[in-house]
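Visitor: just a sequence and a predicted model for now, questions to come.
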Amino acid sequence: MDAKVTLSFNKYTIDAAKKFADERGISLSRLTEFLYSRVIMKPYDTLEDMPVSEWVSMVSDGGVEYKTTSKSRKKLKDEYFKAKNK
């Protein structure tokens, strides 16, 4: 079941995140969900300890570029549920 949330972000950050997601063919909602799933995988003492903190900082600064190979929708779904069930 999906749940809706309302979040507030700095305009530059959200514009950069939307562009990032769009260039990769995913929705901003799914990108956000993926990042949250990474954060909750194990307990962290500080924000800096989280595995996505450096990446999020680079995206908000506009200085990150990822090159990946295309994955099928099924493979992405399988990876998501595998990570979710850990």
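Guide: That came through, no problem. Being a predicted model, the structure only gives us computed values, none of them experimental.
Visitor: then stretch 73-86 to PDB, C-alphas only?
Guide: In PDB, the C-alpha atoms belonging to stretch 73-86 read as follows (Å, rounded to 0.1, in the frame of the first residue of the first chain):
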ATOM      1  CA  ARG A  73      11.800  -3.100 -15.000                       C
ATOM      2  CA  LYS A  74      11.600  -6.600 -13.600                       C
ATOM      3  CA  LYS A  75      15.200  -6.500 -12.400                       C
ATOM      4  CA  LEU A  76      14.700  -3.100 -10.700                       C
ATOM      5  CA  LYS A  77      11.600  -4.400  -9.000                       C
ATOM      6  CA  ASP A  78      13.400  -7.600  -7.900                       C
ATOM      7  CA  GLU A  79      16.300  -5.500  -6.400                       C
ATOM      8  CA  TYR A  80      13.900  -3.200  -4.600                       C
ATOM      9  CA  PHE A  81      11.900  -6.000  -3.000                       C
ATOM     10  CA  LYS A  82      15.100  -7.900  -2.100                       C
ATOM     11  CA  ALA A  83      16.500  -4.800  -0.400                       C
ATOM     12  CA  LYS A  84      13.200  -4.200   1.300                       C
ATOM     13  CA  ASN A  85      13.100  -7.700   2.800                       C
ATOM     14  CA  LYS A  86      16.500  -7.500   4.400                       C
END
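Visitor: if you count neighbours, what's buried in the helix or strand hosting Lys19?
Guide: For Lys19, the host element (DSSP states H and E) is helix 11-23. By 16 or more other Cβ atoms under 10 Å, the buried positions in helix 11-23 come out as 16-17, 20-21. (Glycine included, C-beta is placed from N, CA and C.)
Visitor: tell me what it is packed against?
Guide: helix 28-39, helix 53-61 (3 or more Cβ pairs under 8 Å, 6 or more residues apart in numbering; DSSP states H and E).
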